[in-house]
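[1] Build me a model:
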Amino acid sequence: MANSGTAYDFGMFEPKRRAEQEPARKNNVIELPRERLEENRRPKYSRWKMLSTVLSFLIVAGMAGTYIYGQVQLAELSDSLGTVTKQLSEDQSVYTQMNMKSEAQTSLEAVENYAADKLGMEKINQKQVKNIALSSGDKTQILLPVKNDGWFSRLLNSVRRFLS
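    Below you'll find the predicted structure:
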């Protein structure tokens with residue numbers, strides 16, 4: 001029995017009655033008729049539907065992979081093209097320098113200076129020119145002695161004359 005005016009509540013130590021205990025739980029199971037039960041079941045997946053879904057996914061993934069691979073190849077080729085273009089411009093510059101150097105060394109003025117300075121040559125003068133008149137009637141002809149060794153020697157000689 002509970003004393004309300006005291007410092008201690010002794011009612012806590014008294015046995016509890018069954019009526020005060022919590023009522024028993026209700027059964028929460030809902031019973032459905034058989035046709036509603038069939039509607040609420042998980043749908044079974046058709047094999048053909050699953051196969052077409054998987055194939056569609058694989059095709060899309062393959063196309064994406066091919067696109068990415070193509071972009072990577074394009075980037076690599078662009079880099080190599082830039083490198084080759086740079087090398088070409090450097091080689092053209094070197095070619096132009098060498099060509100100009102070669103032309104400077106083989107110019108007519110450079111050849112004349114080299115001939116005058118290194119070889120001691122000088123330009124042609126009238127005192128260096130001598131005219132010689134040849135008679136047009138003098139002619140020289142060289143004949144080889146003919147040996148009558150045989151028909152084979154004559155054949156060889158005719159071939160030699162033809163080739164010379």
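[2] can you give me the offset of the lowest-mean-pLDDT helix or strand in the chain from its chain's centre?
    Least confident helix or strand of the chain, by mean pLDDT, DSSP states H and E, is helix 34-40 with a mean of 74. Taking C-alpha atoms, centre = their mean, to the nearest Å, one finds helix 34-40 lying 63 Å from the centre of the chain it belongs to.
[3] How about stretch 123-141?
    With C-alpha atoms, centre = their mean, you get 70 Å for stretch 123-141.
[4] so for it, what's the average pLDDT?
    For stretch 123-141, mean pLDDT rounds to 77.
[5] Send me it as PDB with only the CA atoms.
    Provided in PDB are the C-alpha atoms of stretch 123-141 (Å, rounded to 0.1, in the frame of the first residue of the first chain):
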ATOM      1  CA  LYS A 123      92.900  35.400-114.100                       C
ATOM      2  CA  ILE A 124      93.600  34.800-117.800                       C
ATOM      3  CA  ASN A 125      95.500  37.600-119.600                       C
ATOM      4  CA  GLN A 126      96.200  38.200-123.300                       C
ATOM      5  CA  LYS A 127      99.900  37.400-122.700                       C
ATOM      6  CA  GLN A 128      98.900  34.000-121.500                       C
ATOM      7  CA  VAL A 129      97.000  33.200-124.700                       C
ATOM      8  CA  LYS A 130      98.800  31.700-127.700                       C
ATOM      9  CA  ASN A 131      97.000  31.000-130.900                       C
ATOM     10  CA  ILE A 132      98.100  28.000-132.900                       C
ATOM     11  CA  ALA A 133      97.100  27.300-136.400                       C
ATOM     12  CA  LEU A 134      96.900  23.800-137.600                       C
ATOM     13  CA  SER A 135      96.700  22.700-141.100                       C
ATOM     14  CA  SER A 136      93.600  20.900-142.000                       C
ATOM     15  CA  GLY A 137      95.300  18.600-144.500                       C
ATOM     16  CA  ASP A 138      97.400  16.600-142.100                       C
ATOM     17  CA  LYS A 139      95.800  13.500-140.800                       C
ATOM     18  CA  THR A 140      97.100  10.500-138.900                       C
ATOM     19  CA  GLN A 141      95.700   7.000-139.000                       C
END
